[in-house]
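**Q** Structure for this input, please:
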Amino acid sequence: SFGAINYTQVDAGKTFEYSIMETVRSVAGYTYDNSVYKAFVEVIDNGDSTLRTVVRYVDEQGSLVPMPHFENEYHATGEVELRAWKELIGRNCMAGEFSFELLDEQGDVIDTKPNDEHAEIYFDPIPFDESDVGKPRYFAVREVKGNDDTVIYDSSTYAYAVTATDNGDGTLSVSQQMVR
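**A** Model prediction:
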């Protein structure tokens, strides 16, 4: 709301024009409405030493509107990089020797990556947005059975619960927990 605008008898019979727009504050994650409305305030003498006003609002197209309306949006994003590691007993693991699949909640493979020279697996980042906040998402990792007869491949599936928290600044903190 705006502060009071005082009119006097000198203003009677006049119409005042005001522009109404949103003050844009630089708050991360928010979009602002660039609309500009005009308020036409007609000052009317009631004939008894009092005044009244009639206010008309007009949008940018010149159409009368009941009240200025501004729409804002808030968006927040974040991502998680799920990782796994390969334990190979009996010898050192070579880069690219093993492959691993990342599965979504429906069991669909969404990424496949090899191990690196340190036996670690890094999957592509998974994006999250404000619609994911407070709703755990679940992912699973499993090893792809290879063709080396000297290796016993791990048939285990490891599950991750991933939860996004809104930081209130357009970013999300995304935490992960292995739930096996």
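**Q** I'd like the distance between the most centrally placed residue in the chain and residue 156.
**A** The residue lying closest to the centre of the chain (CA atoms, centre = their mean) is residue 76, at 2.4 Å. Residue 76 is 34 Å from residue 156, where distance means CB to CB, to the nearest Å. C-beta coordinates here come from the backbone N, C-alpha and C atoms, glycine included.
**Q** Not counting sequence-adjacent ones, nearest residue to residue 94?
**A** Nearest non-adjacent residue to residue 94, counting by CB to CB, 6 or more residues apart in numbering: residue 117, 7.4 Å away.
**Q** Name the spans of the chain whose pLDDT lies under the cut-off.
**A** For the chain, the stretches flagged by pLDDT under 70 are 180.
**Q** hmm, try it at 80
**A** 1, 180 (pLDDT under 80).
**Q** Can you tell me how far the residue nearest to the centre of the chain is from residue 168?
**A** Separation of residue 76 from residue 168 (CB to CB): 8 Å.
**Q** ok, back up a step: now do the same contact list for the residue nearest to the centre of the chain.
**A** Residues near residue 76 by CB atoms under 8 Å, 6 or more residues apart in numbering: 29, 129, 130, 133, 166, 167, 169, 170, 171, 172.
**Q** Could you pick out the buried ones from those residues?
**A** 29, 130, 133, 166, 170, 172 (16 or more other CB atoms under 10 Å).
**Q** Let me know the closest of these to residue 122.
**A** Of all the buried ones among the contacts of residue 76, residue 172 has the smallest distance to residue 122: 20.1 Å, by CB to CB.
**Q** Tell me what that closest one is bridged to.
**A** Per DSSP bridges, the residues bridged to residue 172 are residue 166.
**Q** Quickly list what's touching both of residue 76 and residue 168.
**A** Residues within reach of residue 76 and of residue 168 at once, by CB under 8 Å, 6+ apart, are residue 29.
**Q** from the buried ones among the contacts of residue 76, which is closest to residue 65?
**A** Nearest to residue 65 among the buried ones among the contacts of residue 76 is residue 29, at 28.0 Å by CB to CB.
**Q** Quick one: residues contacting the residue nearest to the closest one when sequence neighbours are not counted.
**A** With sequence-adjacent residues excluded and distances taken as CB to CB, 6+ apart, residue 29 is closest to residue 170, at 2.6 Å. Neighbouring residues of residue 170 by CB under 8 Å, 6+ apart: 28, 29, 30, 74, 75, 76, 77.
**Q** Out of these, which is nearest to residue 18?
**A** residue 30 (24.8 Å).
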